[in-house]
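[1] no FASTA, just this:
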């Protein structure tokens, strides 16, 4: 089996007519199996576009990628069988209850009725959705919808889990439960978790490997220690300091005394 969960080669996405807007620019990177991979960048850096291409939601303009051993363009069905996705736009069937939604997901994934019932019950309890499982998700908060999407992504025990801003709006207790569950999946089963975010603290606490993207370009990849070295920062520098150095951020220095004094 390939030691890589994900490999991209010159992956690019241009929106609009020529010259267009290049959201992702010839992205080449490798993600090993069995790690939590944090994909970090500011708003508009190309994180969500990259994730959409890797999961088959968006066709690249140039380049390609191999996910779970299969080409995303030539073997997209095989890729989708092996991955779970919590996208930026959740796209839940909001007229369905949580129970109905997870049963639908299980059937689409080819699970038998007994397995669906057992996994659905366990996921709803774990994610603190059991008490509302007979309510249509249209009435859920954003955080609850995010948790339901997570449950759907986990139903079929994916090899690779793609998460786009996975903890946005999720309560602290559920966030901790999910983080612990993800770590166990990685350590015990060798699952690969690829999550994109702009939240530094989340990456610093969770990720084994960090990739930094800015303006569609891969700026750096490696452990936090490796990124500190690349950014020529102190050994105890925070990820925020490292990130700002890597993307050459120019912090605005305006006279804000009218607001601060």
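    Cool, the structure landed. Source: prediction; values computed, not measured. Numbering: from 1, shown residues only.

[2] please count neighbours and contacts with C-alpha atoms only from this point.
    Will do.

[3] from one end of stretch 121-137 to the other, what's the distance?
    Across stretch 121-137, the terminal residues are separated by 16 Å (C-alpha to C-alpha, to the nearest Å).

[4] show me the contact partners of that stretch.
    Outside stretch 121-137, the residues that touch it by C-alpha atoms under 8 Å, 6 or more residues apart in numbering are 92-99, 144-145, 147-148, 151, 174, 177-178.

[5] average pLDDT for the helix or strand harbouring residue 221, rounded please.
    In this assignment (DSSP states H and E), residue 221 forms part of strand 217-222. Mean pLDDT, strand 217-222: 93.

[6] buried sites along that strand?
    Using 16 or more other C-alpha atoms under 10 Å as the test for burial, strand 217-222 gives 217, 218, 220, 221, 222.

[7] and for stretch 65-76?
    65, 66, 67, 68, 69, 70, 71, 72, 73, 76.

[8] and the fourth one, what does it touch?
    In other words, residue 68. 4, 5, 6, 79, 82, 83, 159, 160.

[9] part of a strand, is the third one?
    This points to residue 6. Yes - under the criterion used here (DSSP: H, G, I helix; E, B strand; the rest coil), residue 6 sits inside a strand.

[10] is it in contact with residue 34, as I believe?
    No - the criterion here is C-alpha atoms under 8 Å, and residue 6 misses it with residue 34 at 11.1 Å.

[11] of the buried residues of stretch 65-76, which is the nearest to residue 50?
    Proximity of those to residue 50 (C-alpha to C-alpha) peaks at residue 65, which lies at 10.4 Å.

[12] I'd assumed that closest one was in a strand, is it?
    Yes - under three-state DSSP, residue 65 falls within a strand.

[13] roughly how far apart are it and residue 42?
    Taking C-alpha to C-alpha as the measure, residue 65 falls 23 Å from residue 42.

[14] circling back: format the contacts of residue 68 as a markdown table; extra columns: neighbour count, pLDDT and distance to residue 184.
    Below are the contacts of residue 68 laid out as a markdown table (neighbours: other C-alpha atoms under 10 Å; pLDDT from 0 to 100; distance: C-alpha to C-alpha, whole Å):
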| residue | neighbour count | pLDDT | distance to residue 184 |
| --- | --- | --- | --- |
| 4 | 16 | 96 | 19 |
| 5 | 23 | 98 | 18 |
| 6 | 22 | 98 | 20 |
| 79 | 23 | 97 | 23 |
| 82 | 17 | 97 | 18 |
| 83 | 22 | 98 | 17 |
| 159 | 23 | 97 | 13 |
| 160 | 26 | 98 | 14 |
